[in-house]
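Colleague: my questions concern the predicted model and sequence given below.
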Amino acid sequence: MTRSDPVISCRNVWKIFGPRPMDALAQLRADPQARPDRHVTAVHDVTLDIMPGEMLVVMGLSGSGKSTLVRCLSRLNEITAGEILIEGRDIGKMSESELIDLRRRKMGMVFQSFGLLPNRNALENVAFPLEMRGQSRASRIARAREMLALVGLKGRESYFPRELSGGQQQRVGIARSLAVEPDIWFLDEPFSALDPLIRREMQDEFLRLKAILKKTIIFITHDFDEALRLADRIAIMKDGRVEQCDTPDRIVLEPATEYVARFTAEIDRARVIHASGLAEPLTGRSAEGPALPGGQTLREMARHLVADRRDWIPVADAQGRTTGVLERARALDILLGEHV
Ligand SMILES: Nc1ncnc2c1ncn2[C@@H]1O[C@H](COP(=O)(O)OP(=O)(O)OP(=O)(O)O)[C@@H](O)[C@H]1O
């Protein structure tokens, strides 16, 4: 393995529910538009790689296959066809005990329903997976304290779930999944039971944790704003297929299908598109004068874009190197909500 190898690789993965999934698969391979009777194609020929430290957000409408796909990644669902490699190892070929070990040591999971044990306090809930691992009491309590502090719950260690708000309960759930130091972190709509203000707060908290922990994260949501705030890349699913898997900038600027275009039609594009995403190669164009920071969105640079009179404005990366030029008229159109 090198650093640039994917942590997770899905190769032509199918998951079909129903009495005769292999027959249904043969039918679908012969005719992709087929609708085999009494079968549901929850995952339809999905191929994608997830890189170390990447945050991939899986989104799509209810029933599009998000949870099933993510459950397949830890083999909570057996796939019908294809291959899933975790750090190069085919999980379909692992024994039950190898799988349990993989899940315990490498994977953390957080679900929408917080899944806390009602008769244990916050500290004991977080320590629970360490107990399952056979870790000593002293070391698991120390680790649980550390994790609760990390998610901002210092002082609440002895509170029972019923004494905590929804947001606090979800923080306990997050602390618990982090206690085992997973390399891969699966989160299935973790904030959807929270009210909008707390949800926003949890997203900020999550971005903070993501920056500190540098884990590979697969996050499911059906909230596009949430996806845009959190994702390095977004996989948009429809009827079990991944319609597009790309950076937020490219999803918005270059939707691969009509469906993705419709999905993204309502959002404020200036909040998503970064200067670097809109920049064009330098070829033949002059790039004089001060540059825009490539990592900022058009919305963040709105004043500057209005005031700067140049037709083409240089864009620089975090090291200050000019990487391209941005057409000011196009940026202003996006800022004003014109379609370009
Ligand atoms: N165990 C199962 N048996 C039969 N069908 C299933 C099973 N699990 C999921 N499905 C079907 O597979 C399809 C995809 O379901 P899935 O839960 O993956 O969607 P989702 O995108 O996560 O939806 P939601 O946003 O509502 O959670 C749905 O049509 C669902 O009914």
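Modeller: Yep, it's here. Numbering: from 1, shown residues only.
Colleague: Asp268 and Leu282: what is the separation?
Modeller: 29 Å (Cβ to Cβ, to the nearest Å). No exception for glycine: its C-beta is placed from N, CA and C like everyone else's.
Colleague: name the residues that touch the top helix by length along the chain?
Modeller: Assignment by DSSP state H gives helix 196-213 as the longest helix of the chain. Identification of contacts with helix 196-213 by Cβ atoms under 8 Å, 6 or more residues apart in numbering yields 55, 150-152, 165-167, 170-171, 174, 178, 190-192, 194, 217, 226, 229-230.
Colleague: quick one: buried residues of stretch 135-149?
Modeller: Gln135, Arg140, Ile141, Arg143, Ala144, Arg145, Met147, Leu148 (16 or more other Cβ atoms under 10 Å).
Colleague: out of those, the closest to the ligand would be?
Modeller: The ligand lies nearest to Met147 out of the buried residues of stretch 135-149, by Cβ to the nearest ligand atom, at 27.1 Å.
Colleague: which ones are touching the closest one?
Modeller: Val126, Ala175, Arg176, Leu178, Ala179.
Colleague: which SS class is it?
Modeller: helix (DSSP: H, G, I helix; E, B strand; the rest coil).
Colleague: what sits closest to it if chain neighbours are left out?
Modeller: Ala175 (4.0 Å; Cβ to Cβ, 6 or more residues apart in numbering).
Colleague: test my guess that that neighbour contacts Arg145.
Modeller: No. Using Cβ atoms under 8 Å, Ala175 is not in contact with Arg145, being 9.7 Å away.
Colleague: can you give me the helices for the stretch 151-300 of the chain?
Modeller: With DSSP state H, counting those that start in this stretch, the ranges of helices along the stretch 151-300 of the chain come out as 166-179, 196-213, 224-230, 248-253, 258-263, 269-272, 275-278.
Colleague: mind putting those helices into TSV with mean neighbour count, mean pLDDT and distance to Leu61?
Modeller: Formatted as TSV, these follow (neighbours: other Cβ atoms under 10 Å; pLDDT from 0 to 100; distance: least, Cβ to Cβ, whole Å):
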stretch	mean neighbour count	mean pLDDT	distance to Leu61
helix 166-179	23	89	23
helix 196-213	15	84	19
helix 224-230	20	87	11
helix 248-253	21	92	16
helix 258-263	15	92	9
helix 269-272	20	90	20
helix 275-278	22	92	25
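Colleague: so where's the stretch 201-340 of the chain uncertain?
Modeller: For the stretch 201-340 of the chain, applying pLDDT under 70 flags the ranges 339-340.
Colleague: where along it do the strands fall?
Modeller: 216-221, 233-238, 241-246, 292-293, 312-316, 322-327 (DSSP state E, counting those that start in this stretch).
Colleague: using a markdown table, lay out those strands together with mean neighbour count and distance to Thr264.
Modeller: Shown next, in a markdown table, are those (neighbours: other Cβ atoms under 10 Å; distance: least, Cβ to Cβ, whole Å):
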| stretch | mean neighbour count | distance to Thr264 |
| --- | --- | --- |
| strand 216-221 | 24 | 15 |
| strand 233-238 | 24 | 9 |
| strand 241-246 | 20 | 10 |
| strand 292-293 | 21 | 23 |
| strand 312-316 | 22 | 23 |
| strand 322-327 | 20 | 21 |
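Colleague: now these in CSV, with distance to Asn77?
Modeller: Formatted as CSV, those follow (distance: least, Cβ to Cβ, whole Å):
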stretch, distance to Asn77
strand 216-221, 14
strand 233-238, 15
strand 241-246, 16
strand 292-293, 43
strand 312-316, 43
strand 322-327, 42
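Colleague: same list (the ones you listed) but as JSON lines, adding distance to the ligand.
Modeller: Compiled in JSON lines, those are given as follows (distance: least, Cβ to the nearest ligand atom, whole Å):
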{"stretch": "strand 216-221", "distance to the ligand": "7"}
{"stretch": "strand 233-238", "distance to the ligand": "7"}
{"stretch": "strand 241-246", "distance to the ligand": "12"}
{"stretch": "strand 292-293", "distance to the ligand": "36"}
{"stretch": "strand 312-316", "distance to the ligand": "36"}
{"stretch": "strand 322-327", "distance to the ligand": "36"}
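Colleague: many thanks, we can stop here.
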